[in-house]
Structure formats: C-alpha cells, structure tokens
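Enquirer: give me a 3D structure for the following:
(one chain, ligands or ions: 1)
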Amino acid sequence: GVGRRGRRHMALFGRRSRSKLMLFIFGVCVVGYVIFSRNSEVEAPIKRGISTHEYRDKDDEALKRPVYDKPPLDLNALGEMGRAVKLDLNDEEQRKQEESIKKHQINTYLSDRISLHRRLPERWNPLCRDLKYDYRNLPSTSVVIAFYNEAWSTLLRTVHSVLETSPDVLLREIILVDDYSDQEHLKQPLEDYISKLQKVRLIRARKREGLVRARLLGASIATGHVLTFLDCHCECHEGWLEPLLHRIKEEETAVVCPVIDVIDWNTFQYLGNSGEPQIGGFDWRLVFTWHPIPEYEQKRRRSQTDVIRSPTMAGGLFAVSKNYFQYLGTYDTGMEVWGGENLEFSFRIWQCGGSLEIHPCSHVGHVFPKKAPYSRSKALANSVRAAEVWMDGYKELYYHRNPHARLEAFGDVTSRRKLRQQLGCKDFKWYLENVYPDLNVPEDQPGMFGMLKNKGMQNHCFDYNPPEEHKVVGHRVILYPCHGMGQNQFFEYSSQNEIRYNTREPSGCVTVDSGTDYLTVQLCSKPRQPVPEEHKFVLKEDGTLYHVVTNKCVEAVQKSNSGGPAPVLRPCSDSIYQKWFFMERT
Ligand SMILES: [Mn+2]
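Expert: Numbers count the residues shown, from 1 in each chain. Predicted structure coming up:
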C-alpha cells in the first residue's frame, strides 16, 4: 500500500540523504532561511489515515481525486477552457495593462481577471486516455516552485492548478520557494492566502540565491519520493502527474519532463496540441533549441504513448527521483541566477548513466514571457561551467564561436569535475554519438574557421544575420567590418567544401541565391548525407574561393544591389578582391 511503500523509502534513503542535502545546502551556500510550514501533514509519512484495504475497494476514479476539486464550470468566464482573452479597455485601463506587461513581461493585468481555477482543453494524444496507473504503488511527489517577484495571479494559478489536477494520494506537498522577492503581495498576503490551503508550504531565501540554489532549498525540505520542479507561471493539464511518476517508478534513473505547452503571454490562450511534441537540443553557442523527434527515436518507441528520449531539457519543468537527484549531485551550486543550468544537468544525466525523457501524455502549460524578465548576465558563466566540466575538447567548438566566453570568470569547478570522476561518467564524445547523433559536430580544422576576410577590401568579413532566432535560411550574405566576436561573422570551411554558418543548429551552408550572383544561406545536408553541389566552394591555396557549379569565383564588391558591400560570384581572375582567408580572432 501507499503507506508501507512510503515508510520503506524513508528507511532506505529518505532521512539520511535529506540531512546530507541539508548539510550540503548550509555548507556550500551559507544561506539562512525561514520555513513557513502551514500544515502539519508533512511530518507524517502517510497522508491521511486511509488503509490499504479501504483503497483496494475504491476504483481508480476515487484514487484519482485531486487535493481540491475545481469549482463548477462557467463557460462564459474569461479565458475558460484556455480561450484567448482580449479586454475592451478605456485609456486608463489600457495604460495599466501596458504597465503590467512592462513589469512582468506577461500581461498580468489580464491574468488577474482570469479565474485561478480555469480549465484547459484536452489536447493530449487520445491514446493517453487509455493508460492505467497503479495509484496505490506510484511514488509520492513534492512539487517545488521557485519564484522571484512573480505576479500574484500567475503564481497562484500555478498553485491551484497543481492542487486541482494532482491526485491527493500522489501529491505530498507543494513547496514554494521565495528567492528573496521584494514585492509586497508576496510577503504577508501570500502567507495568509496559502495558510488556507492544504499541502502548500513556503520557504524564503534570506538573500537572492538564483534559480539553482532556490530550487535546492526547496528540495532540501521535500518529503516526497520524487521531486517535481515547476516554473511559477504554469497551468497543469489534467493527468499531468501520473505519467511522470509512473515512469520514475519503472526506471528510477529516468528524469522525466512534461510536454511544455505554450500559454500566450498577452491573451492567455492555451496553445497545447495533441501532436508529437518536440525534443530538446542545443547549438554551439550552447543555446537550447527545439527539434522534431528524429526517425531513429520514433523507431525505438513501441507506442505513441511511450516516453521520448531528449538530448537536453528546456529547464523549468521536470520530475526526478529525490534519491537519484542526490546521487547525480543535484545542481551545480556555483551557477548564478539562471541560464545554462539546464544544459549542464542534461549532459550530466546522460553522461552519468541516466536518461532524460519527455512523456507525451504529461502536459503542462507555461506562459513564455514576452522577453526574459530578468538579466541573463550570469548565463554566460553558467554555460562556461557546463562546457568546462562536461564537454572535454569539444568545448573549443563553443569557444571558437563565442570568443568572449574564454574571458568569462566562471569560478571553481574542481568539485564538479571530481563528481564526474566519482560517478564514472562517460565522455562528451559518447554523448554526441549516442544521444545526439543528429547534431552537426564542426571540424574546426586549424585555419579553416572564424572570420572569413577579404584581402583587397580591408577589414571586411562575411557577415550573416538570419531573419529570426529560429530560422537560419533566407537572407543574403553581406560584407561588414570584422568584429571578431564570432556569432554572425563565424563561418567554418568543412572537408566537404562547404562554408558553414554553424553557430546555429541546424546549421546553414553558403550557396548561390538562385537566379542571381549573390550568396545566401540554406540548410546544410544532414550528417552522413551527401552535400548538394551548389554548396561546394573550393578554397584554393592562393585564397581563391571557387564555386564549382557556376564555375565562378567569390569577389568582394563595394556596392551590391541591396546597397552595401557584399560577396558576389564573378568570372575568376587574379584580382586581390577574389582572395579570402580565415582568421580566428582580430
Ligand atoms: Mn518561465
């Protein structure tokens, strides 16, 4: 039964690892905090006095009961069933709405007018409905939600949605971690509000800790077998929790993410869809990326409701066995604020013997803000820590594309490297070959990457600015004063004769803009696929850049038909404007 299982886990790894984790937190972070425990249930390993026998007589419907039922459905209520909302506002109200967007990068003016208990439409794969769960034997979970100056309604909608969609028998508690917010509504008013809610606890950091240490603070007082981390502006879909816990019961070394559905920051429309979710990757700037599920992974899965292996996680939302999280070395507490910690954790999970998965039947809505609400200034140091500990020689591919990262003070990583050694983790080559074979791994042969400079036109380099963050193709390559910062002036000449724009993933390849003499960028062929002839340029010993298909050479011209200097295809000559060379840095 639930009770016996709970106690067994306590005996096995509950108390001891928890106190270790506490010591760790105190030792490393030297953090003071206050705990507001608003209900006494957390002390008892068994929630409520229901015996195994009584459970057995009830059907799944009874076991599925959430901590709280949602209020009766009012289809006319604003935003009900995840519908988009547009308010009819006068000037004054309009001004207030704009202000709220400025402050939170989320339309919290509108959020405040939507029920904290609204329902979401059913958007999961219909097959998910047929999955049965053994509620009596699933592990319990503590949901940890860290926040910093979060708006009232987005935070509390998250809390209510967890309480109203999580089976009472599975949810041990919700732990809210206040990462030293200074806004008034998060002080006494929040304490008063949650004191009326079952199973909700609040813990406050005594100084700004950042996401990583704030989450660990929450984890340190968690009593559930599984830690489920959520962001503080989420809405859980019915049935979101069971698949995560089921998978962890089945495989304790699995770290499982829900499908993250978009909630629009301006209309609060729920944009979940029941199709196949995307998985996580990264590019060589160590920026997280989304991708469709690769074919080899589709073949591995036996059913559409099977978990999907993912090379990386987006960051905010996942469930992990508390015991396994501890074994893996929790988080890198040397990481500040946020950014980069998701990739570090992803590399560590895979390289140290675990697996990172997305469960297609677990859906959680997340409000993606208009833009990042607080500084990402620490994200660079965090990424460097990830590269230094986990990427071996491949970290050079990152540094080549981000020369300024070499200068970043990233602190001491000795203990993290030691952890890697102690756990006997595999190397990054193994990770790339086995977990992320679709990622193009640049060759970066000496002298064949960096800025592509012209000999005749002084200090002018190939420059490419993709139209959007998520779309690499479609613009023309221009020439621009060389800046040596990598990024949009970074190109790599491959052994397959491509000029690759591969700071992004998937990478782009320079080719001729058809019907013109200008150069543009198209997607490169996939790893192990043949290279299209139009992508082939021969960089000769004398610096000539010869385009094979057109039988022309790349020349720097001062005035292109779009105005500024650009590389164009011209009949080959001895002109110094047709001579090019790579330079790593200025
Ligand atoms: Mn978020």
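Enquirer: where is the longest strand in this protein?
Expert: strand 355-367 (DSSP state E).
Enquirer: tell me the strands beside that one, with direction?
Expert: Sheet pairing here is set by DSSP bridges, and for strand 355-367 it gives strand 234-236 (antiparallel), strand 254-263 (parallel), strand 308-309 (antiparallel).
Enquirer: how far out from the middle of the chain is the longest one?
Expert: Averaged C-alpha coordinates place strand 254-263 at 10 Å from its chain's average position (C-alpha atoms, centre = their mean, to the nearest Å).
Enquirer: what about Gln422, how many residues close to it?
Expert: For Gln422, the neighbour count with other C-beta atoms under 10 Å is 10. Placement of C-beta: from N, CA and C, glycine included.
Enquirer: scratch that, Gly484
Expert: Using other C-beta under 10 Å, Gly484 has 15 neighbouring residues.
Enquirer: got any ranges where the protein has weak pLDDT?
Expert: Residue ranges of the chain with pLDDT under 70: 1-58, 373-376, 586.
Enquirer: what's the domain layout of it?
Expert: 2-367, 379-434, 449-583 (automatic domain parsing).
Enquirer: tabulate the ones you listed (TSV), appending distance to Val441.
Expert: As requested, these are exported to TSV (distance: least, C-beta to C-beta, whole Å):
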stretch	distance to Val441
domain 2-367	9
domain 379-434	6
domain 449-583	8
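Enquirer: indicate which one of those is closest to Asn440.
Expert: domain 449-583 (5.2 Å; C-beta to C-beta).
Enquirer: can you give me the end-to-end span of that closest one?
Expert: 7 Å (C-alpha to C-alpha, to the nearest Å).
Enquirer: one more: stretch 326-342?
Expert: Stretch 326-342 has an end-to-end distance of 16 Å (criterion: C-alpha to C-alpha).
Enquirer: same question for stretch 537-554.
Expert: End-to-end for stretch 537-554, by C-alpha to C-alpha: 9 Å.
Enquirer: please identify the buried residues of it?
Expert: Phe537, Leu539, Thr544, Leu545, Tyr546, His547, Lys552, Cys553, Val554 (16 or more other C-beta atoms under 10 Å).
Enquirer: so which of the residues you listed are in strands?
Expert: Filtering these for strands - DSSP E - leaves Phe537, Leu539, Leu545, Tyr546, His547, Lys552, Cys553, Val554.
Enquirer: send me the longest strand of the chain as PDB with only the CA atoms.
Expert: Provided in PDB are the C-alpha atoms of strand 355-367 (Å, rounded to 0.1, in the frame of the first residue of the first chain):
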ATOM      1  CA  SER A 355      18.200   9.200 -19.200                       C
ATOM      2  CA  LEU A 356      16.300  12.300 -20.000                       C
ATOM      3  CA  GLU A 357      12.900  11.800 -21.400                       C
ATOM      4  CA  ILE A 358       9.700  13.700 -22.300                       C
ATOM      5  CA  HIS A 359       6.400  12.000 -21.600                       C
ATOM      6  CA  PRO A 360       3.900  12.700 -24.400                       C
ATOM      7  CA  CYS A 361       1.000  12.200 -22.000                       C
ATOM      8  CA  SER A 362       2.100  14.700 -19.400                       C
ATOM      9  CA  HIS A 363       1.200  18.300 -20.500                       C
ATOM     10  CA  VAL A 364       1.800  21.500 -18.600                       C
ATOM     11  CA  GLY A 365       1.100  24.900 -19.900                       C
ATOM     12  CA  HIS A 366       3.800  27.600 -19.400                       C
ATOM     13  CA  VAL A 367       3.500  31.300 -20.000                       C
END
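Enquirer: that older thread, between the ones in strands among the buried residues of stretch 537-554, which sits nearest Arg129?
Expert: Nearest to Arg129 among these, with distances taken as C-beta to C-beta, is Phe537, at 53.5 Å.
Enquirer: contacts only, for that closest one.
Expert: If you count contacts by C-beta atoms under 8 Å, 6 or more residues apart in numbering, Phe537 has them with Tyr493, Asn497, Glu498, Ile499, Val510, Leu545, Tyr546, His547, Val548, Val554.
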